[in-house]
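Asks: Requesting a structural model of the entry that follows:
(chains A, B, C and D)
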2 protein chains.
Amino acid sequence: MTPDTDRSSADEDLSRRIIDLIARGQASSRSELAAALGLAPSTVSLRVQSLIDAGLVTERGDGTSRGGRRPRLLGIDEGSGIVLTVDLGGGHARIGAHSLSGELRETRSIPVALADGPEATLDAVCVVFDELARDTTVHAIGISLPGPVDIDRGTVTQPSRMPGWPGFRVPDYVRRRYGVPVAVDNDANLAALGEHRAQFGTNGHSITVKAGTAIGSGIIVDGHIHRGATGAAGDITHTRIDGSGDIPCSCGNTGCLETVASGASLVRQMRERGRTDVETTADVLALARDAEPEATMIVRTAGTHLGQALSGVVNFFNPHAVFLTGSMSASEPFIAAVRSRVYEACHPLATQQLRIEAAQTRADAILHGAARWALDNLELPTA
Amino acid sequence: MTPDTDRSSADEDLSRRIIDLIARGQASSRSELAAALGLAPSTVSLRVQSLIDAGLVTERGDGTSRGGRRPRLLGIDEGSGIVLTVDLGGGHARIGAHSLSGELRETRSIPVALADGPEATLDAVCVVFDELARDTTVHAIGISLPGPVDIDRGTVTQPSRMPGWPGFRVPDYVRRRYGVPVAVDNDANLAALGEHRAQFGTNGHSITVKAGTAIGSGIIVDGHIHRGATGAAGDITHTRIDGSGDIPCSCGNTGCLETVASGASLVRQMRERGRTDVETTADVLALARDAEPEATMIVRTAGTHLGQALSGVVNFFNPHAVFLTGSMSASEPFIAAVRSRVYEACHPLATQQLRIEAAQTRADAILHGAARWALDNLELPTA
DNA sequence: CAAGGTTATTTCGATTCTCGAACCAACCTT
DNA sequence: AAGGTTGGTTCGAGAATCGAAATAACCTTG
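Replies: The predicted model follows:
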């Protein structure tokens, strides 16, 4: 239970809402902003001016008249600086440079070994950061870490998987180098944030499921990441699935979703059926894409199982949308099976407005989310 | 997706936080408030004074010195007025009078027929309200309705169950009579709010499950009710339970939690075993309390099934606590079974701080929640 | 028991944010 | 060209907060 440590003052909030409205194209002039925010035109004007002075917003010329003076169009100042992000994975880091509106402008990929410890890993990333920021200024940095993260401290919490990392304050280390706000979170949460904000902005509830070799999810409540009491929220991989054949799971129980719907389990199922040429999730998906009957059936069944697990979650949480990412989300039969099962098993009131879709932000969902999260933590002018 | 319709201005928020801190005993003097809120002493002093002037806060004399001047103790002004609440149920209405700190001072119960329509029902409730408010003023009113509610309009949304109610604006009708803010929500949400606020205040996440003849739940995210996209959140009764015997459920599917763990299903199970003397959930619980082996076993099994359903929810949502209300929550074997299954089936990180307990607020959880909700909607002085 | 340190609260300008009303700017229609 | 319409700014007023200093009431200690 966190105390009252609002990172963002109430005053910064207005600046943030203005930027959000502009970035999402929901308001493009001062008067539209005033209408959308319900504030006096003068208030908005002053704030917009300070955002322009800070290099965050810029004027884009005049719009078309609606019977009177033409509005002066506003846009995010794309030229004044960038946001840097990195998605730290097992063997490599994916690095992104974004415009101030969050748009991904450039990506790089470098090999990293997390086992070398945080300093070595982050130093390697910073080399690329420096390149990307060569002739521009950095406004904020967002970092995605694999596994549970303590947001307030910016540390990895799971002692096991990443030697040297637990307790190491990632934001402090990186901030010392760039002097800008550094925001960290885990990959599942950031993918969810990226997709959600692209679709709904800072309203609404959604779940973003990553279905690949493993299965994980991130939860967005009212436009913000729900991390739960211990930062463990979003774990759906150990949901018990009926009729799953009681296959033992790494967690010690049997019948978990993971054992029947993860990419790893699909590979296992194919090999059990004699297809020893299959070695990765991608192999299974490739076969299914070629309409190989057995692979297609197995992928569909996995979708049904995931749909079964999601139906419980949808009934409980009643989101506006469920987004699917990860390699398996590229398979139409998979998505169709998920959809079918959820709509069949859920209460009509819960599905009446529910969207179930492949994520739009695709492969770089995590980088998009990291950029959003970094922008959420941007220091903004207050008047 | 609701637009920017903050019911409570940012200015009222400070007053609300001050009252909350005082009511929960987390601050009892101006200086403690200033420290807890991170605000200047002068700011707090001014606001406290206006709350005293409004009759919401009062001075309770001096505290003990800690080496200097003694603090002037603050308390909620219990004498200046009350909050009225009503829990509208199928055959009767439970009515409560609360102090301004939310404490339940007096309860009444009257028979009502919801089928008579909203006017007749509410008029009957108001007669009791008038009695309870005879020599005092009413500050706010909270109303619990059975079934889904549109919070913004204050209407029942399900066309089926309550003839004459759908579309009827309950708050408007009652407000015309008393001229104070009237807040409505459904029973599950209010029970959850009442229990959560009593335990955690406006922080933290929890689920409150009502296990009685039927099973329902309310969700609290960060101290506030999570209603979901269509107001349907909290539905766990149709979670599919493994090894449940595929009993058909009212929802059209089979194997729902409801078919194996609801009070109604316990009665059915007992009768199937030849105990035709059992007619209600209470009968089953009475037998279990008397250590009747079959009843005890059935209750335990129901607890295990509920625990199974909750384990999925706990992994996903990662709450600080799961509270149990309803008649079955009085059974220790039931709670023990729930606990046992959840701790067994959940990821350790999700259960590491998890509390699973019978609700403290007991029978009047809904009235407590209605009072909290009403107080959340109280109109407060802004300076 | 008086002096000096400590804690609690209030007083009092200064600052910041917002508003509303008037005003200016730029456009359209006729 | 006149009058209406929309977009935006200027400016004084009001509200909320702050910081610093003043005041109040207490404790400790020589």
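
Asks: What are the phi and psi values at the spatially closest residue to A:Arg362 that is not a sequence neighbour?
Replies: Among residues not flanking A:Arg362 along the chain, A:Thr325 sits closest, at 7.5 Å (C-beta to C-beta, 6 or more residues apart in numbering or on different chains). Any C-beta I mention is one placed from the backbone N, CA and C, and that applies to glycine too. Backbone dihedrals for A:Thr325, given as degrees, to the nearest 10, come out at phi -130, psi -170.

Asks: what does A:Thr58 give?
Replies: According to degrees, to the nearest 10, A:Thr58 has phi -140, psi 160.

Asks: Am I right that it is in contact with A:Gly75?
Replies: Yes - using C-beta atoms under 8 Å, A:Thr58 and A:Gly75 qualify as a contacting pair, with a distance of 5.8 Å.

Asks: circling back to that earlier point, spit out the contact partners of the residue nearest to A:Arg362.
Replies: With contact set as C-beta atoms under 8 Å, 6 or more residues apart in numbering or on different chains, A:Thr325 has these partners: A:191, A:195, A:208-211, A:358-359, A:361-362, A:365.

Asks: A:Pro166 too?
Replies: A:155-159.

Asks: all strands for chain A, in order.
Replies: A:57-62, A:72-76, A:82-88, A:92-98, A:104-111, A:138-145, A:149-150, A:155-156, A:182-186, A:206-211, A:215-221, A:224-225, A:321-325, A:355-358 (DSSP state E).

Asks: what's the closest of those strands to B:Val112?
Replies: strand A:215-221 (35.3 Å; C-beta to C-beta).

Asks: tell me what that closest one is packed against?
Replies: For strand A:215-221, the elements it packs on are helix A:187-200, strand A:206-211, helix B:293-317, judged by 3 or more C-beta pairs under 8 Å, 6 or more residues apart in numbering or on different chains; DSSP states H and E.

Asks: And those: which comes nearest A:Glu332?
Replies: Closest among these, once you apply C-beta to C-beta, is strand A:206-211, at 13.4 Å.

Asks: Around A:Leu46, how many other residues sit close by?
Replies: Burial measure for A:Leu46: 12 neighbouring residues, criterion other C-beta atoms under 10 Å in any protein chain shown.

Asks: Mind pulling up the pLDDT for it?
Replies: Looking at A:Leu46, its pLDDT is 94.

Asks: Equivalent analysis for the one 4 residues further on, please.
Replies: pLDDT recorded at A:Ser50 is 93.

Asks: burial measure for the nearest residue to it once chain neighbours are set aside, as a count.
Replies: Excluding its sequence neighbours, the residue lying closest to A:Ser50 (C-beta to C-beta, 6+ apart) is A:Pro381, at 4.4 Å. Residues lying near A:Pro381 (other C-beta under 10 Å) number 16.

Asks: Same question for A:Arg273.
Replies: Residues near A:Arg273, counting by other C-beta under 10 Å: 12.

Asks: Where does pLDDT dip in chain A?
Replies: In the predicted model of chain A, residues A:1-10, A:159-160, A:383 satisfy pLDDT under 70.

Asks: Write out the residues of the stretch 251-383 of chain A neighbouring chain B.
Replies: By C-beta under 8 Å from any C-beta of the partner chain, the residues of the stretch 251-383 of chain A that approach chain B are A:251, A:253, A:255, A:308-309, A:311-313, A:315-320, A:344-347, A:349-350, A:352-354.

Asks: Buried only: go through those residues for me.
Replies: For those, a burial check counting by 16 or more other C-beta atoms under 10 Å in any protein chain shown picks out A:251, A:253, A:255, A:308-309, A:311-313, A:315-320, A:345-347, A:349-350, A:354.

Asks: on that earlier part again, nearest to A:Gly369 among the contacts of A:Pro166?
Replies: Out of the contacts of A:Pro166, the member with the shortest distance to A:Gly369 (by C-beta to C-beta) is A:Val156, at 17.8 Å.

Asks: do you know how far whichever residue of chain A sits closest to DNA strand D is from DNA strand C?
Replies: Using C-beta to the nearest atom of the strand, the closest approach of chain A to DNA strand D is made by A:Gly68 at 2.2 Å. Separation of A:Gly68 from DNA strand C (C-beta to the nearest atom of the strand, to the nearest Å) stands at 4 Å.

Asks: just A:Arg176 next, same as before
Replies: Noted for A:Arg176: a distance of 28 Å to DNA strand C, by C-beta to the nearest atom of the strand.

Asks: burial measure for that residue, as a count.
Replies: That count, for A:Arg176 with other C-beta under 10 Å as the rule, works out to 9.

Asks: so what's it up against?
Replies: Shown in contact with A:Arg176 (C-beta under 8 Å, 6+ apart): no residues.

Asks: swap in the one 3 residues further on?
Replies: By C-beta under 8 Å, 6+ apart, the contact list for A:Gly179 is empty.

Asks: again with the one 3 residues further on
Replies: Shown here is A:Val182, whose contacts under the criterion C-beta under 8 Å, 6+ apart are A:140-143, A:154, A:170-171, A:174-175, A:374, A:377.

Asks: List the contacts of the residue lying closest to A:Ala350 once chain neighbours are set aside.
Replies: Once flanking residues are discounted, A:Ala350 sits nearest to B:Ala232: 4.7 Å by C-beta to C-beta, 6+ apart. Residues near B:Ala232 by C-beta under 8 Å, 6+ apart: A:315, A:318, A:347, A:349-350, B:148.

Asks: again, 6 Å this time
Replies: A:318, A:349-350 (C-beta atoms under 6 Å, 6 or more residues apart in numbering or on different chains).

Asks: neighbours around A:Ala198, how many?
Replies: Close neighbours of A:Ala198, defined as other C-beta under 10 Å, add up to 18.

Asks: Quick check: it vs A:Thr361, distance?
Replies: Going from A:Ala198 to A:Thr361 by C-beta to C-beta, to the nearest Å gives 6 Å.

Asks: Quick one, which of the contacts of A:Pro166 are buried?
Replies: The neighbour-count test (16+ other C-beta under 10 Å) applied to the contacts of A:Pro166 identifies A:155-158 as buried.

Asks: Same list (the residues you listed) but as JSON lines, adding distance to DNA strand C.
Replies: Output for the buried ones among the contacts of A:Pro166, formatted as JSON lines (distance: C-beta to the nearest atom of the strand, whole Å):
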{"residue": "A:Thr155", "distance to DNA strand C": "32"}
{"residue": "A:Val156", "distance to DNA strand C": "36"}
{"residue": "A:Thr157", "distance to DNA strand C": "35"}
{"residue": "A:Gln158", "distance to DNA strand C": "40"}
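
Asks: Which of those sits closest to A:Ser31?
Replies: A:Thr155 (45.4 Å).

Asks: how about the closest one, what does it touch?
Replies: A:167, A:169.

Asks: and the gap between it and chain B?
Replies: A:Thr155 sits 15 Å away from chain B, going by C-beta to the nearest C-beta, to the nearest Å.

Asks: now swap in A:Leu88 and tell me
Replies: Applying C-beta to the nearest C-beta to A:Leu88 and chain B gives a distance of 20 Å.

Asks: cool, A:Glu294 as well?
Replies: 26 Å.

Asks: burial count for that residue?
Replies: 15.

Asks: How about the one 5 residues further on?
Replies: Per other C-beta under 10 Å, the neighbour tally for A:Val299 reads 26.

Asks: List the buried residues for stretch A:39-56?
Replies: Result for stretch A:39-56 [16+ other C-beta under 10 Å]: buried residues A:39, A:44, A:47-48, A:51-52, A:56.

Asks: try stretch A:205-214
Replies: For stretch A:205-214, burial by neighbour count (16+ other C-beta under 10 Å) applies to A:205-213.

Asks: would you list those in a markdown table and tack on distance to A:Ser80?
Replies: Output for these, formatted as a markdown table (distance: C-beta to C-beta, whole Å):
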| residue | distance to A:Ser80 |
| --- | --- |
| A:His205 | 34 |
| A:Ser206 | 31 |
| A:Ile207 | 35 |
| A:Thr208 | 31 |
| A:Val209 | 36 |
| A:Lys210 | 34 |
| A:Ala211 | 38 |
| A:Gly212 | 37 |
| A:Thr213 | 40 |
